[in-house]
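# What would the 3D arrangement of this be:
(4 chains)
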2 protein chains.
Amino acid sequence: MADDAITAQRASRRSASTETPKPYHHGDLSRALVDAGRRILETEGPDALSLRAVAREAGVSPAAPYHHFKDKGELLDAVAAEGWRELGDAIARARAEAPSPAVAVTEIGVAYIRFARVNPALYRIMYRMACDRKTMPEHARKAEGGVGQVAEAILAAGAHPATELDLQLIQIAAWCTAHGIAEMVGFKEFEELKEQLGGEEAFVRAVLGHVGILSGRASEMIQQG
Amino acid sequence: MADDAITAQRASRRSASTETPKPYHHGDLSRALVDAGRRILETEGPDALSLRAVAREAGVSPAAPYHHFKDKGELLDAVAAEGWRELGDAIARARAEAPSPAVAVTEIGVAYIRFARVNPALYRIMYRMACDRKTMPEHARKAEGGVGQVAEAILAAGAHPATELDLQLIQIAAWCTAHGIAEMVGFKEFEELKEQLGGEEAFVRAVLGHVGILSGRASEMIQQG
DNA sequence: GACCTATCTGAACGCTGTCCAGATCGGACA
DNA sequence: TGTCCGATCTGGACAGCGTTCAGATAGGTC
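Sure, this is the predicted structure:
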């Protein structure tokens, strides 16, 4: 019963940007709830994202969400899923706009970290959900929007990993590194260093440059390993 | 009332700390609260770590902690601080036991990630507090217990970073990478890969090997940069 | 012995997630 | 067209949360 509601909601979310289908007597509430959640996330931060607040923001009683999501976690999951999709888009855009395949891997990393910094509350929810479930969300796994893009970019850059396992490990290392930097760039201790380097993005690029795998040196490293 | 049981609980004290600050008329409650917090963290996980649960576990009313900590956050901070101290110890131990300075940097990374995996709930609280405050906690910053050890290990390994800035960036990159891996190793997607590589630690070492900076290649990378 | 102050309790407030009985309405079927 | 089923929403309730506050208690000092 609950599963049906979820699949219906997932299906309806696809074309939601242009058309708003209103199949039920108060409109597309699940969609409205996710939107309300994102609004709260942006304006009041992740700690204010309570189920009741979301219902309030959507103009609905506190019990209403339970007809569309099993519990609070599932609602947050829907919000996070939207975030992952947008992060995937940002990465794809960065890859497409990269001046050459050689630097695409770095640009992916920068785009990833930039997304996390521009949407800190959303990124936090995204990873909190992932860590709770001990699983990368679907959108992050899919090749078009996730880790797969790193592998493609590495191969496009002309690298030839010895084995499929090598390629996988590189992807994982890149993903972990990007996540680690994304969560820590905001620390106050780095402010002086950022200023010294001419801004946060310059700082991020400098850190990435000292990490190795995201700095365009992929092929060298693989041949050495 | 079960006064005996309560006083017995209060009497249970850790021998870890050197000095016990001020035992007032019900014993060293702030110490007992931190201990209770850690016990809950280990047995019931981070979501169960409520202030009321901690007070209950310590055999005290829900309002009592407010005479020792400003709010819940400050109590959690105290728990986290203990975690950072222990993580620092683990890193120092790994460095001391490393067969050679050349591999010490890798061993530090492995020890860091191992600590996070052995104490997942504690590590989570540690980083949640750090991210909330946008600051690395004191113990992580101090040279004896934190990032400083990475710099020392890199220099001891015979690397000669061109500038002080390079050394700082390497430290930051290493710290971010270790954190990223620590948070993601647990994901279910990697289980097959772990098995294939002969266990989680082998997997961690393999990922680190594809990251570069933590793999003992520090000096090469600096000279190239 | 009296007093001061730090410490602890019990009760209260408003908030949270979640569940339930009942009201309401859309759409299928007669 | 009329009836009815089931999905949807409401209001109220419950336990638990963080936090505050007046009042009880006890250690240390004079």
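# which ones are touching A:Ala140?
Residues near A:Ala140 by Cβ atoms under 8 Å, 6 or more residues apart in numbering or on different chains: A:84, A:87-88, A:130, A:146-147. Backbone N, C-alpha and C define where each C-beta goes, glycine included.
# Secondary structure of it: a helix, I assume?
Yes. The assignment for A:Ala140 by DSSP: H, G, I helix; E, B strand; the rest coil puts it in a helix.
# For the residue nearest to A:Val211 when sequence neighbours are not counted, what is the enclosing helix or strand?
The spatially closest residue to A:Val211, leaving aside those adjacent along the chain, is B:Ala173, at 4.4 Å (Cβ to Cβ, 6 or more residues apart in numbering or on different chains). Secondary structure from DSSP states H and E places B:Ala173 in helix B:164-184.
# If you count neighbours, what's buried in that helix?
For helix B:164-184, burial by neighbour count (16 or more other Cβ atoms under 10 Å in any protein chain shown) applies to B:166-184.
# Next: stretch A:68-84.
For stretch A:68-84, burial by neighbour count (16+ other Cβ under 10 Å) applies to A:68-69, A:74-84.
# Mind giving me the packing neighbours of the longest helix anywhere in chain A?
Secondary structure of chain A per DSSP state H: the longest helix is helix A:72-97. Applying 3 or more Cβ pairs under 8 Å, 6 or more residues apart in numbering or on different chains; DSSP states H and E, one finds that helix A:72-97 contacts helix A:2-13, helix A:29-44, helix A:51-57, helix A:101-118, helix A:120-133, helix A:138-141, helix A:147-156.
# how many other residues sit next to A:Tyr127?
By the criterion of other Cβ atoms under 10 Å in any protein chain shown, A:Tyr127 has 20 neighbours.
# so it sits right up against A:His179, yeah?
Yes. A:Tyr127 lies in contact with A:His179 (Cβ atoms under 8 Å); the separation is 7.1 Å.
# Mutual contacts of those two, please.
Here A:Tyr127 and A:His179 have B:Glu183 as joint contacts, going by Cβ under 8 Å, 6+ apart.
# Low-confidence ranges, chain A, go.
Counting by pLDDT under 70, chain A contains low-confidence ranges at A:1-26, A:212-225.
# domain ranges for it?
A:2-70, A:91-224 (automatic domain parsing).
# Burial-wise, tell me which of these comes out on top.
domain A:91-224 (a mean of 19; mean count of other Cβ atoms under 10 Å in any protein chain shown).
# and that one, anywhere near DNA strand C?
No. Using Cβ under 7 Å from any atom of the strand, domain A:91-224 stays clear of DNA strand C, with a minimum separation of 12.3 Å.
# gap between that domain and the chain center?
Its chain's C-alpha centre and that of domain A:91-224 lie 11 Å apart, by Cα atoms, centre = their mean, to the nearest Å.
# Tell me how far A:Ala32 lies from B:Ala58.
Distance from A:Ala32 to B:Ala58, counting by Cβ to Cβ, to the nearest Å: 44 Å.
# again with A:Gln196
Distance from A:Gln196 to B:Ala58, by Cβ to Cβ: 46 Å.
# do A:Ala78 as well
38 Å.
# do A:Pro101 as well
From A:Pro101 to B:Ala58 the distance is 59 Å (Cβ to Cβ).
# Please apply the same query to A:Ala102.
For A:Ala102, the distance to B:Ala58 - Cβ to Cβ - is 59 Å.
# quick one on the thing from earlier: now flag whichever of the buried residues of stretch A:68-84 is closest to DNA strand D.
DNA strand D lies nearest to A:His68 out of the buried residues of stretch A:68-84, by Cβ to the nearest atom of the strand, at 6.2 Å.
# So that closest one is in contact with A:Ala32, correct?
No. Between A:His68 and A:Ala32 there is no contact under Cβ under 8 Å: 9.6 Å.
# ok, for A:Gly45, nearest residue in space, not its chain neighbours?
Closest residue to A:Gly45 apart from its sequence neighbours, by Cβ to Cβ, 6+ apart: A:Ala121 at 5.3 Å.
# Pretty sure the one you found sits against A:Arg39.
No. With contact defined as Cβ under 8 Å, A:Ala121 does not count as touching A:Arg39 (10.9 Å).
# Could you list the residues in contact with stretch A:50-67?
Stretch A:50-67 is contacted by residues A:5, A:26, A:29, A:32-33, A:35-37, A:39-40, A:44, A:72, A:75 when judged by Cβ under 8 Å, 6+ apart.
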